[in-house]
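Novice: model this:
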Amino acid sequence: MYMQISAKHVKELRNKTGAGMMDCKKALQASSGNIETAIENLRKQGLASANKKMNRIATEGLIESYIHSGSRIGVILEINCETDFVARREEFQTLAKNIAMQIVASPSVEYVDLKAIPDNVVEIETRIISGKDDIINKVDEIKEKIINNRLEKQLKELSLLDQPFIRNTDITIAELVKQNIVLLGENIKIRRFKKFILGENLDL
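Specialist: Below you'll find the model as predicted:
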């Protein structure tokens, strides 16, 4: 027999995961009200569901912009979904706004994901890391492991999808997008973005 779950707990789980109300209620009932277990199970279900949709073509969507307080930095973002119906939904528009704000709040981010980072950038970062004083004299096997670990960390700092979400640091932007794929039932892709920083690249 399923236990009774309060609307407050259902809403709390929904806010943390982005899953539907009924899915949240069922997850809480199945976990005997344990919200952490419910979150874990919903993430597993959502990941499987989202992965099935992620190869579908997404050509609709919207262009979102965000200018930070003080008007010294802003961003323009293109985010895609499959239909105009979903593009007009409040949840999709909120996602777009949150991601635009995330880009502005992430000064190191330059690319949508790791795959978008050019080879020459990877090569430069690898050379810089390889020349650090604390590893230059280590044996090759250990040195290679250190370089790979530091390179992965450095490249993730450049990747938007690998950033912890500023409104819920328990998840990454990639996980946030997947949650919304499950919620809205369509593939969602962050296609591109452009930052604008006041005075950047001006010759003084």
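
Novice: contacts and neighbour counts: CA atoms only from here.
Specialist: Fine.

Novice: Give the rounded mean pLDDT of the strand or helix carrying residue 22.
Specialist: Under the criterion DSSP states H and E, the helix or strand holding residue 22 is helix 21-30. Within the predicted structure, the mean pLDDT of helix 21-30 is 82.

Novice: buried stuff in it?
Specialist: 24, 25, 26, 27, 28, 29, 30 (16 or more other C-alpha atoms under 10 Å).

Novice: gap between that helix and the chain center?
Specialist: Between the mean C-alpha point of helix 21-30 and the mean C-alpha point of its chain there is a distance of 24 Å (C-alpha atoms, centre = their mean, to the nearest Å).

Novice: so what does it touch, helix or strand wise?
Specialist: When contacts are defined as 3 or more C-alpha pairs under 8 Å, 6 or more residues apart in numbering; DSSP states H and E, helix 21-30 packs onto helix 7-17, helix 35-53.

Novice: Output it as CSV, nothing but the C-alphas.
Specialist: Listed in CSV are the C-alpha atoms of helix 21-30, where the atom choice follows Å, rounded to 0.1, in the frame of the first residue of the first chain:
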residue,chain,number,x,y,z
MET,A,21,3.7,16.3,-10.3
MET,A,22,2.4,12.7,-10.7
ASP,A,23,5.9,11.4,-11.3
CYS,A,24,7.1,13.1,-8.2
LYS,A,25,4.2,11.8,-6.2
LYS,A,26,4.8,8.2,-7.4
ALA,A,27,8.6,8.5,-6.7
LEU,A,28,7.9,9.7,-3.1
GLN,A,29,5.4,6.9,-2.6
ALA,A,30,7.8,4.3,-3.9
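
Novice: residues in contact with it?
Specialist: Outside of helix 21-30, the residues within contact range by C-alpha atoms under 8 Å, 6 or more residues apart in numbering are 2-5, 10-11, 13-14, 34-35, 38-39, 41-42.

Novice: which intervals of the chain have sub-threshold pLDDT?
Specialist: 1-3, 17-20, 44-55, 57, 202-204 (pLDDT under 70).

Novice: returning to that earlier point: in JSON lines: the contacts of helix 21-30, plus distance to residue 131 and neighbour count.
Specialist: JSON lines is the format used below for those (distance: C-alpha to C-alpha, whole Å; neighbours: other C-alpha atoms under 10 Å):
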{"residue": "2", "distance to residue 131": "60", "neighbour count": "11"}
{"residue": "3", "distance to residue 131": "60", "neighbour count": "11"}
{"residue": "4", "distance to residue 131": "60", "neighbour count": "11"}
{"residue": "5", "distance to residue 131": "57", "neighbour count": "15"}
{"residue": "10", "distance to residue 131": "52", "neighbour count": "23"}
{"residue": "11", "distance to residue 131": "51", "neighbour count": "17"}
{"residue": "13", "distance to residue 131": "47", "neighbour count": "24"}
{"residue": "14", "distance to residue 131": "47", "neighbour count": "18"}
{"residue": "34", "distance to residue 131": "49", "neighbour count": "13"}
{"residue": "35", "distance to residue 131": "47", "neighbour count": "19"}
{"residue": "38", "distance to residue 131": "46", "neighbour count": "23"}
{"residue": "39", "distance to residue 131": "43", "neighbour count": "20"}
{"residue": "41", "distance to residue 131": "44", "neighbour count": "16"}
{"residue": "42", "distance to residue 131": "44", "neighbour count": "22"}
